[in-house]
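**Q** Here is a sequence together with a model predicted from it:
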Amino acid sequence: MILSTREQAINFCIYAMTHDDSMRRMWEAWDDGRNSETLEPFVEELRDAVCRVFGTYTFEHDMLEHVVLMAIQHHDEAENRW
């Protein structure tokens with residue numbers, strides 16, 4: 001199976017959320033209260049991480065936002081929270 005760049009970026013975000021200590025702490029901080037005050041910095045950090053790995057010009061702003069939100073949703077679903 002060949003994954004698109006978008007799918008690879010989603011997988012990268014899920015990997016980062018699972019294995020990077022700072023990302024995991026940010027995820028847990030949001031997950032505890034599920035409020036927008038802790039979600040926005042987490043989303044911003046994931047967007048920055050995607051840009052560092054995949055390049056600044058790989059995704060347009062809307063697609064980058066979609067990648068990050070899809071990764072959060074998939075990660076959340078994997079933990080049976082939806």
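**A** Right, received. Where do you want to start?

**Q** Residue 53: neighbour count?
**A** 13 (other Cβ atoms under 10 Å). Quick note: C-beta positions are derived from backbone N, CA and C, even for glycine.

**Q** what comes into contact with the host helix or strand of it?
**A** Element membership for residue 53 (DSSP states H and E) is helix 36-54. Outside helix 36-54, the residues that touch it by Cβ atoms under 8 Å, 6 or more residues apart in numbering are 5, 8-9, 12-13, 16-17, 20, 22-23, 26-27, 29-30, 32, 58-59, 64-65, 67-69, 71-72.

**Q** So which of the residues you listed sit within helices?
**A** 5, 8-9, 12-13, 16-17, 22-23, 26-27, 29-30, 32, 64-65, 67-69, 71-72 (DSSP state H).

**Q** among these, which ones are buried?
**A** Buried members of these, counted by 16 or more other Cβ atoms under 10 Å: 9, 12-13, 16-17, 23, 26-27, 30, 64, 67-68, 71-72.

**Q** okay, and the helix or strand of the protein with the least pLDDT?
**A** helix 21-33 (a mean of 86; mean pLDDT, DSSP states H and E).

**Q** That one versus helix 5-19: what angle between them?
**A** 80 degrees (axes from the mean of the first three to the mean of the last three Cα atoms, to 10 degrees).

**Q** Counting by contacts, list what helix 21-33 packs against.
**A** Helix 21-33 sits against helix 5-19, helix 36-54, with contacts defined as 3 or more Cβ pairs under 8 Å, 6 or more residues apart in numbering; DSSP states H and E.

**Q** gap between the shortest one and the chain center?
**A** Taking Cα atoms, centre = their mean, to the nearest Å, one finds helix 5-19 lying 7 Å from the centre of the chain it belongs to.

**Q** And for the longest one?
**A** The chain centroid and the centroid of helix 36-54 are separated by 7 Å, computed with Cα atoms, centre = their mean.

**Q** Great, nothing more from me.
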